[in-house]
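Colleague: predicted structure and sequence below. I'll ask about it afterward.
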Amino acid sequence: MYEPRDEPGADARETAEFAREWGEMLDEIRVALPGVQLLFAFLLTVPFTVTFREMSALIRYGYFTCFLTTTASCAFLMAPSVYHRFHWRRDVRDKELMLRTANRLATVGVVLLALAMTSAVYVLSVVIAGKVAAVPITVATGLLFATLWFALPLSRRSAERQGR
């Protein structure tokens, strides 16, 4: 079996590749995280407004769904940085496992973010456009996220695997 570590400089190449991939992942998370944190901060204030108490149970449940998915999204999107912090200046033996774990955490965070934003659209749509219009608006929003964030990159990955 071929072991790249047997080559001169293989450890240095592996470390450089890990640093590059890790940096790219953290940069990608830095794009999403401020928006999630801003949404979370806004959601923390809503229940303390007078009009929130006057809203229907449907809107409050929609809000709560948005709040919980935003909270979970924050946790998952911040997890790779915390994970890295606990391994800082330590010899990470299985860098591939670390990257895969952080990638999975970030992916779950993005899925939760899509759900959070879709539920926020639902709550606002019910308030602004009414219950009947809120459903197709929310479905369209969910389809937009599903298409741009998931279907597009997954279809490209599938095409690359098939050699097209």
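Modeller: Here it is on my side, so go on.
Colleague: which ones are touching the residue nearest the centre of the chain?
Modeller: What sits nearest the mean C-alpha location of the chain, by Cα atoms, centre = their mean, is residue 110, with 1.9 Å. Applying Cβ atoms under 8 Å, 6 or more residues apart in numbering to residue 110 gives the contacts 32, 73, 77, 149. Using the backbone N, CA and C atoms, a C-beta is placed for each residue, glycine as well.
Colleague: so for the host helix or strand of residue 64, what gets flagged as buried?
Modeller: Using DSSP states H and E, residue 64 maps to helix 57-86. Using 16 or more other Cβ atoms under 10 Å as the test for burial, helix 57-86 gives 59, 62-63, 65-67, 69-74, 76-80.
Colleague: so where's this structure uncertain?
Modeller: 1-10, 88-92, 164 (pLDDT under 70).
Colleague: residue 117: which of the contacts of residue 110 is nearest?
Modeller: The closest of the contacts of residue 110 to residue 117 turns out to be residue 73 (Cβ to Cβ; 9.1 Å).
Colleague: tell me which two of the contacts of residue 110 sit farthest apart.
Modeller: 77 and 149 (13.4 Å).
Colleague: which residues are in contact with residue 135?
Modeller: Contact criterion Cβ under 8 Å, 6+ apart gives no residues in contact with residue 135.
Colleague: hmm, 10 Å instead?
Modeller: Neighbouring residues of residue 135 by Cβ atoms under 10 Å, 6 or more residues apart in numbering: 122, 125-126.
Colleague: now residue 117
Modeller: Per Cβ under 10 Å, 6+ apart, neighbours of residue 117: 35-36, 39, 66, 69-70, 73, 141-142, 144-145.
Colleague: what element comes up after the helix holding residue 64 heading to the C-terminus?
Modeller: Using DSSP H and E, the first helix or strand after helix 57-86 is helix 95-129.
Colleague: and that following helix, what's buried?
Modeller: Buried, per 16+ other Cβ under 10 Å, within helix 95-129: 95, 98-99, 102, 105-106, 108-126.
Colleague: between that helix and helix 57-86, how many degrees?
Modeller: If you take axes from the mean of the first three to the mean of the last three Cα atoms, to 10 degrees, helix 95-129 sits at 160 degrees to helix 57-86.
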